[in-house]
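show me the folded form of this:
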Amino acid sequence: MTVTLVRLSSVLALCALGACAGSAAAPAGSGGSSTAGSAGTTGAAGTTGAAGSAGSTGAAGTAGAAGSTMGAAGTSGTGGTAGTGGASGGRGGTTGIAGTGGSAGTAGGRGGAAGSAGDGGAAGGRGGTTGTAGTTGAGGCTITATSSVSTSIATVGIVTFTTNLASVDSAEIRFGLASAGTTMTAPVDLTQPSYRTLLLGMKGSSSYVFRIVATSAAGTCQSPDYTIMTGAVPSNIPKPTATIMNAAAHGKGFMVTSSGISGTGAWIYDSDGAPVWWATGPSGTSRIEMSWDGTKMYMMALNVQNTNAGAVKIVDMDGANSTMVSGMTTSHHDLTAIPGGFATLLWNQSGTDAPCSLVERADSGTMTTVIANMNTVYNSNTWHTNSVHYYPSDNTYTLGDRNPNMYVKVSRTGELIWQLGGTNPKDAAKFFSGAGTWSVNHGHHMLADGSTFYLFNNGTALGGSSTVRGFKLNTSTMTATSSFTYMGSGANSMVLGDVEQLPNGNILVTASTSGQITEVTMGGQVVATFKTNAFGYTEYRDSLYGPPPR
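Numbers count the residues shown, from 1 in each chain. Next up is the predicted model:
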């Protein structure tokens, strides 16, 4: 696999990026005198070039102001005044070398007409050449980058860099397809060696451009543009058939999904349906979700039959350090990322319709029980908890159970907050009226407002028509009002199935066993479809950085 790192080096390209120093010195004129060139202002300070030749009749130049190395005496014109931020450059003789350093300017002043030496000094001296690549911003700072692609996932870029900008307090990498420009941003973790940063969300076999922007109290420093070439996507990674009906209304994020009830696929697809990340999950990978800090992926087995086949696997986002988590053989169906770890469901009795527990597992390995037994939270004659989400805004969880056809919201200490659907609630004062009934539910999504709720209604266990239902929840009156209903033609899911409202307002529906993800408007108009053999649960993300959308 060939990785290409290109540095833009032409004078015109660098000047267009604001990374040039002053323009080249003017050739010697006749007469030996000249008019002073105008000073540069704020552009990047490049290393100035050699002084121009003396005029044939010019008088010996006088000593210049401090700041440059003086050349031998020679004939010169009058020196230009330095730009803002530095001392005036000395008027060099015919062989004088221009001074360096000083604050950056957008462009150096133009050289004098008759044998004037290139001015050194602060403000982009006259007669300089182009600035050294990587030099820009406050105080002539430099950023020098190296890049490669992951040996495990050829669409994941790895960037490291160095800079002479002191006390960097934040940095980011702006990147995108070379044909489209920098449309994505990767935050830089300043604690990483050499500021190591992953570029996530790139298509295979494509050229990308990136630049680094770092800031400190001294100002902002920006690198030149670099290019990186991604590798090919392996042939065994499925690429869904994507049909975009309305590009203008289509969400432009990423779908984090898996192979579902069979297979070991863990995939991220972009809005074109192109694979941008992949890994091998445990058998029957039902849910994959990025960690709260976005550095790794959690992947879990469905284990619907409660046969000690549960498993949770963790892999870094560059494909390295793949590990199996101990103590997860009874885990099943779903997990959710929390700060510093994840929460999941554990069967605590034999059988496929037994109560289970909700536990948290820190990345350090510490286990904490949130709910020891679901029968302490809601009533049912038969149990099958199958979905869970965490919400940082109020430190709560929502859980769904497909047997009593209901969802509950609980505190992080396991206390019931409300129940939606089902019958015979533990606390009638915490039960939403008006929701009606449905038959078999799996995935769900509650918006950050805490009152907008969507659920995937599978239909009957024998494969009846699947629907998505949306509700507005009023916690003051404990009433649920229907706000959305969608039934996809021919796209059903007898198990699993998921739903999520996108930031653009559309609804993403995953008919897992039909192998179709559908984006629809609130009016039920289909915007896009993605079809393959099967999916697990799906999570949409605008960006592959930071916490999951909740």
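
use CA for all of it now, contacts and neighbours both
Noted.

next one: the helix or strand containing Met255 to chain centre, how far?
Here Met255, judged by DSSP states H and E, is contained in strand 254-258. Distance of strand 254-258 from its chain centroid, counting by Cα atoms, centre = their mean, to the nearest Å, is 14 Å.

quick check: can you list the domain ranges of this protein?
Following automatic domain parsing, one gets these domains for the chain: 20-132, 136-229, 241-541.

wait, which of these is closest to Pro549?
Of all these, domain 241-541 sits nearest to Pro549, with 6.6 Å by Cα to Cα.

and that closest one, end to end?
20 Å (Cα to Cα, to the nearest Å).

how about residues contacting stretch 430-443?
With Cα atoms under 8 Å, 6 or more residues apart in numbering as the test, stretch 430-443 has contacts from 386-387, 400-403, 405-406, 416-422, 425, 455-461, 471, 473, 478-482, 495-499, 537.

nope, stretch 335-353 is what I meant
The contact list for stretch 335-353 (Cα under 8 Å, 6+ apart) reads 287, 289-293, 300, 304-306, 328, 330-334, 354-363, 373, 382-390, 548.

just stretch 252-268 next, same as before
For stretch 252-268, contacts defined as Cα under 8 Å, 6+ apart pick out 201, 269-271, 275-289, 299, 302, 496, 512-513, 534-544.

tell me the mean pLDDT for it?
In this model, stretch 252-268 carries a mean pLDDT of 97.

just name the shakiest helix or strand of the protein by mean pLDDT.
In the chain, no helix or strand scores lower on mean pLDDT, DSSP states H and E than helix 11-16, which sits at a mean of 29.

so of the contacts of stretch 252-268, which ones are in strands?
Assignment to strands by DSSP state E places the following of the contacts of stretch 252-268 there: 269-270, 275-280, 285-289, 299, 539-541.

coming back round to it: could you say which of the domains of the chain is packed most deeply?
Highest mean neighbour count of the domains of the chain: domain 20-132, a mean of 26 (counted as mean count of other Cα atoms under 10 Å).

and that domain, average pLDDT?
35.

what's the answer for stretch 479-488, then?
Stretch 479-488 comes out at a mean pLDDT of 95.

where do the strands sit along the stretch 101-250 of the chain?
Remark: strands assigned in the stretch 101-250 of the chain by DSSP state E, counting those that start in this stretch are 135-136, 141-149, 157-163, 170-177, 184-187, 197-199, 207-216, 219-222, 226-229, 241-244.

again but with the stretch 301-450 of the chain, I slipped
Using DSSP E, counting those that start in this stretch, strands in the stretch 301-450 of the chain cover 312-316, 323-324, 331-338, 341-347, 356-362, 367-371, 385-391, 396-401, 406-411, 416-421, 441-446.

make TSV from those strands and add mean pLDDT and distance to Thr144 to it.
Formatted as TSV, the strands of the stretch 301-450 of the chain follow (pLDDT from 0 to 100; distance: least, Cα to Cα, whole Å):
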stretch	mean pLDDT	distance to Thr144
strand 312-316	98	26
strand 323-324	97	34
strand 331-338	98	35
strand 341-347	98	34
strand 356-362	98	37
strand 367-371	98	43
strand 385-391	98	40
strand 396-401	98	44
strand 406-411	98	48
strand 416-421	98	53
strand 441-446	98	43
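
which among those strands is found nearest to Pro234?
strand 312-316 (18.3 Å).

what lines up beside that closest one in the sheet?
Note on strand 312-316: by DSSP bridges, its sheet partners are strand 296-301 (antiparallel), strand 323-324 (antiparallel).

got the ones you listed as TSV, with distance to Asp394 columns?
Shown next, in TSV, are the strands paired with strand 312-316 (distance: least, Cα to Cα, whole Å):
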stretch	distance to Asp394
strand 296-301	23
strand 323-324	31
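
compare those strands and give me the one nearest Asn506.
strand 296-301 (25.8 Å).

how about the nearest residue to Tyr195 once chain neighbours are set aside, what does it touch?
Leaving aside its chain neighbours, Tyr195 sits nearest to Thr160 (5.5 Å; criterion: Cα to Cα, 6 or more residues apart in numbering). Each residue near Thr160 by Cα under 8 Å, 6+ apart is listed here: Ala145, Thr146, Ser147, Ser194, Tyr195, Arg196, Thr197.

repeat for Val304
By Cα under 8 Å, 6+ apart, Val304 lies in contact with His332, His333, Thr352.

pretty sure the first one sits against Gly310.
So the one you mean is His332. Yes: contact status for His332 versus Gly310: in contact at 5.8 Å, counting by Cα atoms under 8 Å.

between the two, which contacts overlap?
Joint contacts of His332 and Gly310 (Cα under 8 Å, 6+ apart) are Met300, Ala301, Leu302, Asn303.

show me what contacts the residue lying closest to the third one once chain neighbours are set aside?
Nearest in space to Leu302, with sequence neighbours left out and distances taken as Cα to Cα, 6+ apart, is His333 at 4.5 Å. Under the criterion of Cα under 8 Å, 6+ apart, the contact list for His333 reads Ser286, Arg287, Met300, Ala301, Leu302, Asn303, Val304, Leu345, Asn386, Ser387.

same deal with Ala448?
Counted by Cα under 8 Å, 6+ apart, Ala448 has contacts Tyr391, Ser393, Arg550.

let's see it at 6 Å
Shown in contact with Ala448 (Cα atoms under 6 Å, 6 or more residues apart in numbering): Arg550.

now render the domains of the chain as a markdown table, adding distance to Ser235.
Compiled in a markdown table, those are given as follows (distance: least, Cα to Cα, whole Å):
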| stretch | distance to Ser235 |
| --- | --- |
| domain 20-132 | 43 |
| domain 136-229 | 11 |
| domain 241-541 | 11 |
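
surely Tyr208 touches Arg174?
No: contact criterion Cα atoms under 6 Å: Tyr208 and Arg174 do not qualify, at 10.5 Å.
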